[in-house]
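>>> Provided below for reference: sequence and predicted model.
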Amino acid sequence: MCLPVWIAVKHFRELRQHSTSGIIGDCFTVLMKTHLSYFVSFLAISCFQIGLFSPTISAKPYSLESQIYFGLDQIFLSVQSFVLGPRLILGVREYHAELVANSDTVSAMTSIAFEERVHVSTGSSV
């Protein structure tokens, strides 16, 4: 629950620095594009896992229905961890790259600039 709040605060700060109008609309648009599918799937998978505490599944853990339920749970968890999680991170990175590319002013985000290695002679024979 802290992650969406932290991301929202971060987006508000960045948007406040870059534009003076439409801050709330831009922020919610970005949050919906990058985070909504992840958190909806997280909610659905969490509800699916709550079903594991069902008396029907708990009473007969070795029945075919319970084994299918456990298998689906493992598949959904794997998809969430290895597909949706990285997609969330890539969505945030795409947004930041677009923000930097479209900004007219210097942004507060730091970027690394690599310079060529130049040999500087000191003039002393050490």
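On my side now, so go ahead. What you are looking at is a predicted structure, and each value in this text was computed from that prediction instead of being measured.

>>> Now for residue 90, how many residues are close by?
Using other CB atoms under 10 Å, residue 90 has 11 neighbouring residues. C-beta here means a position set from N, CA and C on the backbone, and glycine is covered the same way.

>>> Which positions in the helix or strand containing it come out as buried?
Assigned by DSSP states H and E, residue 90 belongs to helix 85-102. For helix 85-102, a neighbour-count test (16 or more other CB atoms under 10 Å) marks 88, 91, 92, 95, 96, 99 as buried.

>>> thought the first one was touching residue 41?
No - with contact defined as CB atoms under 8 Å, residue 88 does not reach residue 41; the gap is 9.9 Å.

>>> returning to what we had before: convert the helix holding residue 90 to PDB, retaining C-alpha atoms only.
Output of helix 85-102 as PDB, limited to C-alpha atoms (Å, rounded to 0.1, in the frame of the first residue of the first chain):
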ATOM      1  CA  GLY A  85       6.100  -6.700 -11.900                       C
ATOM      2  CA  PRO A  86       8.800  -6.000 -14.500                       C
ATOM      3  CA  ARG A  87       6.100  -4.400 -16.700                       C
ATOM      4  CA  LEU A  88       5.300  -2.000 -13.900                       C
ATOM      5  CA  ILE A  89       8.900  -1.000 -13.600                       C
ATOM      6  CA  LEU A  90       9.300  -0.600 -17.400                       C
ATOM      7  CA  GLY A  91       6.100   1.600 -17.500                       C
ATOM      8  CA  VAL A  92       7.600   3.900 -14.800                       C
ATOM      9  CA  ARG A  93      10.900   4.100 -16.700                       C
ATOM     10  CA  GLU A  94       9.100   4.800 -20.000                       C
ATOM     11  CA  TYR A  95       7.200   7.600 -18.300                       C
ATOM     12  CA  HIS A  96      10.400   9.100 -16.900                       C
ATOM     13  CA  ALA A  97      12.200   8.900 -20.200                       C
ATOM     14  CA  GLU A  98       9.300  10.600 -21.900                       C
ATOM     15  CA  LEU A  99       9.300  13.300 -19.300                       C
ATOM     16  CA  VAL A 100      13.000  14.000 -19.700                       C
ATOM     17  CA  ALA A 101      12.700  14.000 -23.500                       C
ATOM     18  CA  ASN A 102       9.800  16.400 -23.600                       C
END
